[in-house]
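**Student:** My questions concern the predicted model and sequence given below.
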Amino acid sequence: MGSNLSINKEIEEYINNNSVKLHPVQKEIISHNEELGDIKRMQISISQCHFLHLLIKSSKIKKILEIGTFTGLSTLSMSLALPEDGSVLALDKNHETSKVAANFFNKASQENKIKLIIAPALESLKNLNYNKQKFDLVFIDADKENYKNYFNYSINLIDKDGLIVIDNVLWHGEVADVNKQDKLTVSIREFNSFVYKDKRVENLIIPVGDGLSVCRKL
């Protein structure tokens with residue numbers, strides 16, 4: 001049986017250099033985040049930018065909900081892949097990083113596709129459910145303790161064959177280490193088990209970036 005390739009920095013750079021080219025503003029966001037210190041870990045990886053781009057294009061996604069925006073790299077990556085009549089509704093509670101993200105969206109001429117709601121995500125999700133909103137794709141990359149809550153709200157916001165993509169599900173590989181019992185690792189481990197057992201979806205964990213779980217509603 002074949003085994004998965006271990007990705008080091010050289011291979012990652014090779015992949016990025018031979019994949020979909022980044023937009024200049026995507027590169028600008030990455031450079032901006034490099035100056036932020038440890039908090040830059042909240043950014044998705046370049047390989048995840050490429051993956052989301054092709055997923056949206058190939059699945060003909062038009063309407064996206066994002067839970068967790070940070071400085072906007074994932075939002076912009078998804079928006080750039082959408083057709084002109086596509087849209088991204090981005091949820092985040094941080095006013096400062098949302099302001100930074102909005103500036104990048106304007107610079108990339110994507111502000112017409114992207115709407116930001118700055119409020120606690122669970123509050124926004126309750127409103128979206130109440131108003132019976134629907135999306136083709138939900139991307140979750142926010143506080144890990146609420147992943148299960150975000151997922152349960154999101155499942156009602158997509159129809160059959162709709163997609164939910166969740167970031168950080170491999171958590172630097174620590175989810176597979178039984179000796180790691182800190183709160184966040186346990187939370188993600190329990191979430192992965194919950195999704196695996198959930199009869200409403202079929203899912204696949206992909207070792208891209210810090211791990212993406214791709215779920216299709218049945």
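**Tutor:** Good, I have the coordinates.
**Student:** Going by C-alpha atoms from here, please, whenever you check contacts or count neighbours.
**Tutor:** Fine.
**Student:** could you list every residue that touches residue 119?
**Tutor:** Each residue near residue 119 by C-alpha atoms under 8 Å, 6 or more residues apart in numbering is listed here: 91, 92, 93, 94.
**Student:** Would you list the buried entries among those residues?
**Tutor:** The neighbour count (16 or more other C-alpha atoms under 10 Å) marks 91, 92, 93 as buried among the contacts of residue 119.
**Student:** so what's the second one bridging to?
**Tutor:** In this case it means residue 92. Counting by DSSP bridges, residue 92 forms beta bridges with residue 118.
**Student:** Identify the residues contacting it.
**Tutor:** 67, 68, 69, 70, 98, 116, 117, 118, 119, 120, 121.
**Student:** again, only using 7 Å
**Tutor:** 67, 68, 69, 117, 118, 119, 120, 121 (C-alpha atoms under 7 Å, 6 or more residues apart in numbering).
**Student:** Give me the buried subset of the residues you listed.
**Tutor:** The neighbour-count criterion (16+ other C-alpha under 10 Å) marks 67, 68, 69, 117, 118, 121 among the contacts of residue 92 as buried.
**Student:** Tell me the buried residues in the longest helix along the chain?
**Tutor:** Of all the segments assigned as helix in the chain under DSSP state H, the longest by residue count is helix 183-197. Judged by neighbour count (16+ other C-alpha under 10 Å), helix 183-197 contains these buried residues: 184, 185, 186, 187, 188, 189, 191, 192, 195, 196.
**Student:** contacting residues around that helix?
**Tutor:** Helix 183-197 is contacted from outside by 144, 145, 147, 148, 169, 171, 174, 175, 203, using C-alpha under 7 Å, 6+ apart.
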